[in-house]
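Student: Let's see this in three dimensions:
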Amino acid sequence: MKFRPLHDRVVVRRLKQEEKTAGGIIIPDTAQEKPQEGEVVAVGPGARDDDGKLHPPEVKAGDRVLFGKWSGTEIKLDGNELLVMKESDLMGILEGKAAKKK
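Tutor: As a prediction, this is how the structure comes out:
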């Protein structure tokens, strides 16, 4: 199924969090927090201002982003768990070597 968000909404897929600490301790699933890092899957055309002018989003599909712990609405499409949130709920785009690592 293909999904296209409206206005300034963004569809994000959470990235898997490390299951081990830096010291090598394995963290069980029940103790893991939900990751706050994800990959943008789809982006809407942008928001309109009071004059009706379209402001395109700054993120694009494929960007790695940070978002708040409780941001967005969880949905399930074709067996994939995704988040739909407004672009303003995103904290920023991860760039550089660390972003490509995972």
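Student: Now residue 3: closest residue in space that isn't a chain neighbour?
Tutor: Nearest residue to residue 3, sequence neighbours excluded (Cβ to Cβ, 6 or more residues apart in numbering): residue 77, at 5.7 Å. Using the backbone N, CA and C atoms, a C-beta is placed for each residue, glycine as well.
Student: can you check residue 71 too?
Tutor: Spatial nearest neighbour of residue 71, chain neighbours left out: residue 89 (4.3 Å); criterion: Cβ to Cβ, 6+ apart.
Student: One more: residue 94?
Tutor: Nearest residue to residue 94, sequence neighbours excluded (Cβ to Cβ, 6+ apart): residue 64, at 4.2 Å.
Student: got the contact list for the residue lying closest to residue 61 once chain neighbours are set aside?
Tutor: The shortest distance from residue 61 to any residue other than its chain neighbours is 5.4 Å, reached at residue 40 (Cβ to Cβ, 6+ apart). Counting by Cβ atoms under 8 Å, 6 or more residues apart in numbering, residue 40 makes contact with 10, 11, 12, 59, 60, 61, 62, 63, 64, 65.
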